[in-house]
Structures are given as structure tokens and as C-alpha cells.
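Asks: Pasting the sequence and the predicted model now:
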Amino acid sequence: MNQVVIYILLVLFSYILVFLIRLWMAKTKLLDHPNNRSMHSAPIPRGGGLAIVFVVLAAGLLSAAQTDMKHSLVYIACGVVIAWLGWQDDVKSLSPIFRFAVQGIVAVVSIISMGYFKSVTIPLFGELQLGIVGVVITFLWIIGLTNAYNFMDGIDGMAGGVAVSAGLGWMMLSSASGHWGDSFAFWVALAISASSLGFLGHNWSPAKIFMGDVASTFLGYSFAVLSLLSADKGGDALMLGTLLMWTFIMDSGLTFINRLRKGEKVFSAHRSHLFQRLVLGGYKHATISYLYIVLTMFAGLLSFIWARGNRIAEPLIFLGLPLIWILLSRHASRLQSAASGPEV
């Protein structure tokens with residue numbers, strides 16, 4: 001019950017803090033202006049995710065002394081750097097080279113401190129030893145998820161909603177032994193979920209404020225590192241982390257590959273993500289956000305069942321989730337075809 005009370009208090013605190021940030025942004029005129037990637041038509045204040053960053057880092061500091069001090073302090077320090085980098089990009093656009101360079105340094109520091117993935121367990125196939133290749137995979141995992149989460153922060157409520165459900169998923173996985181609140185990963189996940197829920201009070205469609213890069217990159221880094229923080233808690237950390245982020249990984253990853261295949265500028269603004277195609281096809285922001293939240297919760301349930309050794313989840317993970325994505329992609333393609341009309 002103590003954890004439930006803390007969760008509720010953090011939700012309320014985050015909601016109030018975002019409200020104060022909205023007042024601040026109204027004075028400073030830090031607005032998100034529509035571009036070729038945007039799903040909104042009018043300037044909206046951004047930077048509301050500062051509340052998420054503050055709550056999560058504060059919770060991390062308070063729980064560090066009672067858990068793993070070394071890993072806790074490294075996560076907090078690296079999280080501050082990632083959030084600072086995102087904030088600078090919100091205020092004044094930074095060059096991609098500079099952003100990736102700083103993120104690369106953070107990834108290296110994280111690996112040196114927290115280790116790397118030495119194996120991955122693929123449902124229906126078993127464990128695969130990665131060896132030294134695990135260092136490269138871990139590096140790409142941290143960089144990739146940090147930026148993927150940023151790419152996916154494109155419509156009202158989706159990035160915050162997925163953070164709520166994925167945070168709850170990590171809370172369950174971190175407490176699979178039945179000892180709630182014993183790990184640093186648990187408290188980080190709780191703070192992420194609670195602060196994101198408070199933020200959604202202002203970001204749900206129609207959004208009054210946006211998250212901003214300050215929080216989207218911070219959340220991406222946090223979810224990547226939660227896998228490392230939980231690597232010694234049983235189960236396969238890399239696969240569990242992938243499952244909880246599967247919608248964002250699939251959407252950003254497949255979109256990146258498809259644009260690369262077409263010879264497009266992969267880092268330029270676009271509307272090729274599945275969620276963007278669904279919006280252009282006529283779906284409301286709230287409907288799509290609910291879809292991604294439910295799919296994340298479903299994957300979280302499968303993750304929990306699989307982590308407890310129940311093999312019934314394996315075919316649902318390996319075959320069911322990709323099938324869902326294929327059906328959604330085909331539906332989006334049909335919507336685009338209908339919207340473009342018959343060729344003359």
C-alpha cells in the first residue's frame with residue numbers, strides 16, 4: 001500500500017508541476033511550431049516533460065541510498081546529461097552529429113558501469129550467446145531507443161501513455177519475486193509511470209503542452225537502461241525490454257529501414273510512421289494513443305507471463321505481435337489508398 005500512496009502522490013505532484021511549467025512557457029514563448037512531420041496545425045508550448053525528468057531523477061536520488069548506489073548515481077548523472085541535451089534541442093536545434101556524439105558518450109559510460117547484454121533469449125528458439133558482440137548491441141540499444149522514443153513523440157498522449165503502461169510493466173517485472181520496492185529499477189519505473197500519468201492530464205488530446213525532447217529522449221534512455229538495471233533479476237533483460245517498447249521499436253525501426261531503402265533523408269521531417277499514417281487516414285489522436293497504450297500493456301502482460309516461465313506466451317510473442325503489426329500496416333495502407341482516390 002505504501003507504493004500505491006507514493007504513486008498517487010507523484011501523479012498529483014507531476015500534474016501540478018506541469019501546470020506551473022505551462023505558465024512559464026506561456027511567458028517565455030517556447031512553442032512547438034508545425035512542420036512537415038507535425039500532426040498539429042497551431043503552435044503549442046513544449047517542455048512539459050521537464051516535470052517527468054524532475055520527478056524521476058528525484059525519486060532515483062531518494063531510492064539510491066537504499067538500493068544499488070553505483071548504478072543509481074550513474075543512471076542519474078547520465079539521465080541529467082540526456083535531459084540537458086534534449087532541452088538544448090528544444091530551445092535551439094542542435095546538429096545531429098553533436099547529439100549522437102553526446103549520446104554515444106553516455107552509452108559508453110552506461111555500459112562501463114552497468115555492463116552489457118551477454119545473451120538474448122528468443123521465444124520458441126531459446127538462448128543465444130552474444131559474446132563481445134553484446135557490447136555493440138548494447139551500445140546500439142541505448143542510442144537507438146533514446147532516439148526512437150523521440151521520433152515517436154508525435155501525437156497527443158501517445159509518448160506519455162506508453163510511458164505509463166511500460167513503466168507499470170517494469171514495475172511488475174522488477175517485483176516478480178514478490179518483494180515490491182526492493183530494487184532501484186522498480187522505483188525508476190514507478191516514477192516514470194506516475195509522472196507520465198500526471199503529465200497526460202495536460203497532454204491528452206487536445207494537448208495543452210507537449211513533452212519536448214527533454215523528456216522523450218530521457219524516457220528512451222531510461223527504458224533502455226532499465227533492461228541493464230534488471231539484468232541480474234532473472235529472465236532475459238534485452239527481450240523483456242524490447243517487448244515493453246515493441247510498438248515504438250517496430251514503428252520507428254521499420255519506418256527508418258523503409259525510408260533508407262527508398263533513398264530518403266532518414267533524419268528529415270516526414271509523416272511515414274504508422275501512427276502518422278493512421279492520423280492522415282482519419283483516426284483521432286486519442287484513438288491511436290489508446291491503441292499504442294493497449295498494445296504496450298498486452299506486451300507487458302506477455303512479458304510477465306514469459307518471465308515466470310510460462311511457455312504459452314512464446315508463440316503469442318514471436319508470431320502474434322508481428323501479425324498484429326502487419327494487419328495494422330495493411331489497414332493504414334488501405335486508408336492511404338482510399339484517401340488518394342483512384343488513378344486517372
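Replies: That came through fine.
Asks: pLDDT below threshold where in this protein?
Replies: 1, 33-42, 67-68, 176-182, 231-235, 266-267, 269, 339-344 (pLDDT under 70).
Asks: for the longest helix seen in it, the distance to its chain's centre please.
Replies: Using DSSP state H, we find that the single longest helix of the chain is helix 2-28. Distance of helix 2-28 from the chain centroid (Cα atoms, centre = their mean, to the nearest Å) equals 19 Å.
Asks: Show me where the stretch 101-250 of the chain has its helices.
Replies: 133-151, 158-174, 184-203, 213-229, 237-244, 246-261 (DSSP state H, counting those that start in this stretch).
Asks: now what about the last one, what contacts it?
Replies: By Cβ atoms under 8 Å, 6 or more residues apart in numbering, the residues outside helix 246-261 that reach it are 144-145, 147-149, 151-152, 162, 242, 265-266, 270, 272-275, 292, 295-296, 299, 321, 325. In this view, the C-beta of every residue, glycine as well, is placed from N, C-alpha and C.
Asks: ok, of those, which come out buried?
Replies: Buried subset of the contacts of helix 246-261 (neighbour count, 16 or more other Cβ atoms under 10 Å): 144-145, 147-149, 151-152, 162, 242, 270, 272-275, 292, 295-296, 299, 321, 325.
Asks: Nearest spatial neighbour of Pro315, chain-adjacent residues omitted?
Replies: Computed as Cβ to Cβ, 6 or more residues apart in numbering, the closest residue to Pro315 that is not its neighbour in sequence is Leu124, at 6.6 Å.
Asks: How about the contacts made by the one you found?
Replies: Glu314, Pro315, Phe318.
Asks: For it, give me phi and psi.
Replies: Per-residue torsions, Leu124: phi 80, psi -10 (degrees, to the nearest 10).
Asks: ok, now Tyr116?
Replies: phi -140, psi 170.
Asks: Which residue, other than its chain neighbours, is closest to it?
Replies: Thr138 is the one closest to Tyr116 (Cβ to Cβ, 6+ apart), at 3.9 Å.
Asks: for Val91, same thing?
Replies: Closest residue to Val91 apart from its sequence neighbours, by Cβ to Cβ, 6+ apart: Leu30 at 6.8 Å.
Asks: Contact partners for that neighbour?
Replies: Pro45, Arg46, Gly47, Asp90, Val91.
Asks: again, but for Leu278
Replies: Residues in contact with Leu278, defined by Cβ under 8 Å, 6+ apart, are Ile288, Leu291, Leu328, Ala332, Leu335.
Asks: Please tell me how far the residue nearest to Val91 sits from Gly86.
Replies: 13 Å (Cβ to Cβ, to the nearest Å).
Asks: got it, and Thr28?
Replies: 17 Å.
Asks: give me phi/psi at the closest residue to Met211 other than its chain neighbours?
Replies: Closest residue to Met211 apart from its sequence neighbours, by Cβ to Cβ, 6+ apart: Gly49 at 3.8 Å. Per-residue torsions, Gly49: phi -70, psi -10 (degrees, to the nearest 10).
Asks: For Gly49, the count of nearby residues, please.
Replies: By the criterion of other Cβ atoms under 10 Å, Gly49 has 33 neighbours.
Asks: can I assume it is in contact with Ala215?
Replies: Yes: assessed by Cβ atoms under 8 Å, Gly49 is found in contact with Ala215 at 2.2 Å.
Asks: Quickly list what's touching both of these two.
Replies: Phe199.
Asks: rewinding a little: Thr28 and Gly86: which is more packed in?
Replies: Neighbour comparison, Thr28 and Gly86: the larger count goes to Gly86, with 29 against 10 (by other Cβ under 10 Å).
Asks: From Ser227, how far off is the more buried one?
Replies: For Gly86, the distance to Ser227 - Cβ to Cβ - is 20 Å.
Asks: got it, and Leu243?
Replies: Leu243 is 10 Å from Ser227, by Cβ to Cβ.
Asks: Over to Phe275?
Replies: On the measure of Cβ to Cβ, Phe275 and Ser227 end up 24 Å apart.
Asks: returning to that earlier point: pull the contacting residues for the residue nearest to Met211.
Replies: Contacts of Gly49 (Cβ under 8 Å, 6+ apart): Phe199, Phe210, Met211, Gly212, Val214, Ala215, Ser216, Phe218, Leu219.
Asks: out of those residues, which one sits closest to Ala166?
Replies: For the contacts of Gly49, the residue nearest Ala166 by Cβ to Cβ is Leu219; the value is 8.7 Å.
Asks: Against Leu302, how distant is the closest one?
Replies: 21 Å.
Asks: Between the two, which has more neighbouring residues?
Replies: Leu219 (35 against 24).
Asks: Run through the residues that contact the more buried one.
Replies: Gly49, Ile52, Tyr149, Ala159, Ala163, Ile192, Ser196.
Asks: which strands and helices sit next to the longest helix of the chain?
Replies: Applying 3 or more Cβ pairs under 8 Å, 6 or more residues apart in numbering; DSSP states H and E, we find helix 2-28 packed against strand 44-45, helix 50-64, helix 184-203.
Asks: That'll do, ta.
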